[in-house]
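> Here is my input; please provide its structure:
(chains A and B)
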Amino acid sequence: MVKIGLEDLYSDIILDYAKNSKYKKEISSASKSEGKNMSCGDEITLFVKVKDDVIEEISFLGHGCIISQASAAMMCEILEGKTLQEATQIFEEVINMSQGNDFNKELIDGVGIFSDISNFPMRTKCFTLAWHTFEEALKSYHNRSEKL
Amino acid sequence: MLSSKEYKELFPALKRKINGHDLIYLDNAATTLRSKEVMDAVCEYSLNHHANVHRSSHTLAAEATKMYEDARERVANFIDAENEEIIFTKGATESINLIAYSLATSKIIQPEEEILITTLEHHANFVPWQQIGKIFNIRVKYYQAKNGIFNFDDYLTYISHKTRVISITAVSNVTGQVIPIEELISKVRQIRKDIIIVVDGAQSVPHLPTNVKKMDADFLVFSGHKMLGPTGVGVLFGKKEYLNKINPFLFGGEMIDKVTTKDTSFNILPYKFEAGTPNVDGAVGLAKAIEILEDIGMQNIKEHDKILTDYAIEQLKLLNFLEIYGPKNESQCSIVSFNVKGIHPHDVSQLLNDLYGIAIRSGHHCAQPIMEELGVKSTCRISFYIYNEKEDIDKLILGLKKVWEWLK
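Predicted coordinates:
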């Protein structure tokens, strides 16, 4: 496997996702989930609208480094339109990837550019912030569904 | 200016290549690098003299005890204190926790009184007081350093008839602003004689000559690892008057005098505050570090750091894509904080590291209250020590220009 270098980590594609994402906005009447990286002060708010177990709309707001912002934007792009089951699978594969474990490449093609993020251990938490925030959103959704 | 190239030789890490570049270490406010001499001293103790101190009567125990107590004496002389006024702790954080907790449990601070801290503090001198205030129902008052800058006259207005303790840093770990501690203590004493004054010297003791008698603080804390010593060892200086009055923080072996099922009486100073087997390795390493600093001379270190800090500010000011925080003048010591406009500090530090081998700190520097005052979530921070030279700053400037070109 070709290891990514700094040029890949800060490639034009990633910079574009970080700076110009159409997913960086608030969605009214969506469920909100908040994530923080305590050690660096980065924060993200995720907005998720689910209908019939499908992620109908998803977006984010927050501040953080280019990696965290690009990762959030790519995550929204991949997850929009997916069923919750598909999204859960994607989440698990992304976390596998971030930890340097084997992962299903096809399933998470949309974040493939970060496939070697585990080479940058100090940046892994930046990359996974949005994903862990999504994990929280999933938990809240399931908790609410159980109560219903 | 110090012969920094010569000092670089003492620190093996500075011979390392980071992505093919010589390491330029500008993160000294977080921790300083390890010198071979310090590690040799720790090794010598660990391999040939290691034993528990103040307990057994064999040769190794006697040697270990002597080395530990010699280290205490070295620290005491370094800041002009008495040996029994020096307590070894895990670091500045533990030292402040000890003071805050012990003052409260000894009822030296009463619920109707106030503790005054500032928004300049790193969390080690902020959270312990805040939490002790909550637990013991004591009001904690916060001096707001507007724009992250300490203002002497403004600060004095926060002192009232209720103020019982003030705890304040001598140098901000974010902006490097030097607080005129001696003048401040003198003024506070004129207002009220019975206020207990705690000084956080984590960022000042490694860089500025320190004399507790002249300073007249009741307590002073600092860490070993920010002044060439090992991690896990720090110092609490306290005036005997208070150390004798306050309760121990930790209970257990060595800090006792007589133990019965009815009660326990405590050991004399400084052992009353050193429960359990102490970090002898750390103390020995710290003593060696102080020896190195004394050989160079603290006044020389102060001047060296000032030359570098002034030069850094002058050069950084020429970059119009930077925002620099703090006083940006002669009252700064060894630390400069800034942001590249529109670019997150993590990205800046990652690129500086990977492209030029430059190690800086990015983040909130465990000082979130001052971040709020500055109106930012995080900053880039550079900080200097004896092995840094102007060339390091020149390379940083090149690096920052490259970062700006890449990510703007």
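> Centre of the chain to the longest helix along chain A, how far?
Ordering each helix of chain A by length in residues (DSSP state H) puts helix A:121-147 first. With CA atoms, centre = their mean, to the nearest Å as the basis, helix A:121-147 stands 8 Å off its chain's centre.
> what about the helices in the chain?
Using chain A. Using DSSP H, helices in chain A cover A:6-9, A:12-20, A:66-79, A:84-98, A:121-147.
> meant chain B, my bad for not saying
Using DSSP H, helices in chain B cover B:4-8, B:36-44, B:59-79, B:92-105, B:127-136, B:152-156, B:181-191, B:212-215, B:240-245, B:280-296, B:298-317, B:345-356, B:368-374, B:390-407.
> I'd like the distance from B:Ser331 to B:Lys317, if you could.
16 Å (CB to CB, to the nearest Å). Every C-beta, even on glycine, is put in place using the N, C-alpha and C of the backbone.
> So between the two, which is more surrounded?
B:Ser331 (16 against 12; other CB atoms under 10 Å in any protein chain shown).
> For that one, give its distance to B:Ile179.
9 Å.
> can you check B:Met371 too?
Taking CB to CB, one finds B:Met371 at 18 Å from B:Ile179.
> List the contacts of the closest residue to chain A within the stretch 1-150 of chain B.
In the stretch 1-150 of chain B, no residue comes nearer to chain A than B:Asn19, which is 8.2 Å away by CB to the nearest CB. B:Asn19 makes contact with B:353-355, B:357 under the criterion CB atoms under 8 Å, 6 or more residues apart in numbering or on different chains.
> Also B:Leu316?
B:322, B:324, B:336, B:338, B:397, B:400.
> Please name the spatially closest residue to the fourth one (chain neighbours excluded).
Okay, so that is B:Phe338. B:Ile324 (4.5 Å; CB to CB, 6 or more residues apart in numbering or on different chains).
> Is there a neighbour count for the one you found? I'd like the number.
17.
> That one contacts B:Lys317, correct?
Yes - here B:Ile324 reaches B:Lys317: they are 6.7 Å apart, a contact under CB atoms under 8 Å.
> quick one: low-confidence ranges for chain B?
Counting by pLDDT under 70, chain B has low-confidence residues at B:1.
> Those residues of chain A touching chain B, which are they?
A:6, A:9-10, A:15, A:39-43, A:63-67, A:120, A:122-123, A:126 (CB under 8 Å from any CB of the partner chain).
> Just the closest of the contacts of B:Leu316 to B:Met227, please.
Of all the contacts of B:Leu316, B:Met227 sits closest to B:Val336, with 19.3 Å by CB to CB.
> wait, what's in contact with that closest one?
B:Val336 neighbours (CB under 8 Å, 6+ apart): B:175-176, B:309, B:312-313, B:316, B:324, B:326, B:381-383.
> can you redo the residues you listed as JSON lines with distance to B:His49?
JSON lines is the format used below for these (distance: CB to CB, whole Å):
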{"residue": "B:Thr175", "distance to B:His49": "43"}
{"residue": "B:Gly176", "distance to B:His49": "39"}
{"residue": "B:Thr309", "distance to B:His49": "40"}
{"residue": "B:Ala312", "distance to B:His49": "42"}
{"residue": "B:Ile313", "distance to B:His49": "46"}
{"residue": "B:Leu316", "distance to B:His49": "47"}
{"residue": "B:Ile324", "distance to B:His49": "48"}
{"residue": "B:Gly326", "distance to B:His49": "45"}
{"residue": "B:Arg381", "distance to B:His49": "39"}
{"residue": "B:Ile382", "distance to B:His49": "39"}
{"residue": "B:Ser383", "distance to B:His49": "34"}
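> Between those residues, which sits nearest chain A?
The closest of these, once distances to chain A are taken by CB to the nearest CB, is B:Arg381, at 12.7 Å.
> How about that closest one: what's its closest non-neighbour residue?
Nearest one to B:Arg381, counting by CB to CB, 6+ apart, is B:Arg361 at 4.4 Å.
> what's the burial count for the one you found?
Around B:Arg361 there are 22 residues (other CB under 10 Å).
> Kindly report the same for A:Phe120.
By the criterion of other CB under 10 Å, A:Phe120 has 18 neighbours.
> Equivalent analysis for the one 4 residues further on, please.
Using other CB under 10 Å, A:Thr124 is surrounded by 19 other residues.
> any idea how far chain B is from the closest residue to it other than its chain neighbours?
Among residues not flanking A:Thr124 along the chain, A:Ser98 sits closest, at 5.3 Å (CB to CB, 6+ apart). Using CB to the nearest CB, to the nearest Å, A:Ser98 is found at 16 Å from chain B.
> ok, A:Ser98 - contacts?
Counted by CB under 8 Å, 6+ apart, A:Ser98 has contacts A:114, A:117-118, A:124, A:127-128, A:131.
> mind listing what's buried in stretch A:122-136?
For stretch A:122-136, a neighbour-count test (16 or more other CB atoms under 10 Å in any protein chain shown) marks A:123-135 as buried.
> just to revisit the earlier point, compare the helices of chain B and give me the one nearest A:Phe47.
Here helix B:345-356 is closest among the helices of chain B (CB to CB), at 24.1 Å.
> Contacts for that closest one, please.
So helix B:345-356 is contacted by A:6, A:9-10, A:40, A:42, A:64-67, A:120, A:122-123, A:126, B:18-19, B:21, B:24, B:339-340, B:358-363, B:378-380, B:395-396, B:398-400, B:402-403, B:406-407 (CB under 8 Å, 6+ apart).
> what about 7 Å?
Helix B:345-356 is touched from outside by A:6, A:40, A:65-66, A:123, A:126, B:18-19, B:21, B:339-340, B:358-360, B:362-363, B:378-380, B:395, B:399, B:402-403, B:406-407, with contacts defined as CB atoms under 7 Å, 6 or more residues apart in numbering or on different chains.
> Can you turn the buried part of those into a PyMOL selection?
Applying 16+ other CB under 10 Å to those, the buried members can be selected in PyMOL as follows:
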select buried, (chain A and resi 40+65+66+123+126) or (chain B and resi 18+21+339+340+358+359+360+362+363+378+379+380+395+399+403+407)
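> coming back round to it: return the most buried member of the helices of chain A.
Highest mean neighbour count among the helices of chain A (mean count of other CB atoms under 10 Å in any protein chain shown): helix A:66-79, with a mean of 25.
> so A:Ile90 makes contact with A:Ile108?
Yes - contact criterion CB atoms under 7 Å: A:Ile90 and A:Ile108 qualify, at 5.7 Å.
> near chain A at all, stretch B:22-34?
No - residues of stretch B:22-34 are not located near chain A by CB under 7 Å from any CB of the partner chain, the shortest gap being 12.4 Å.
> low-confidence ranges in chain A?
In chain A, residues with pLDDT under 70: A:1-5, A:145-148.
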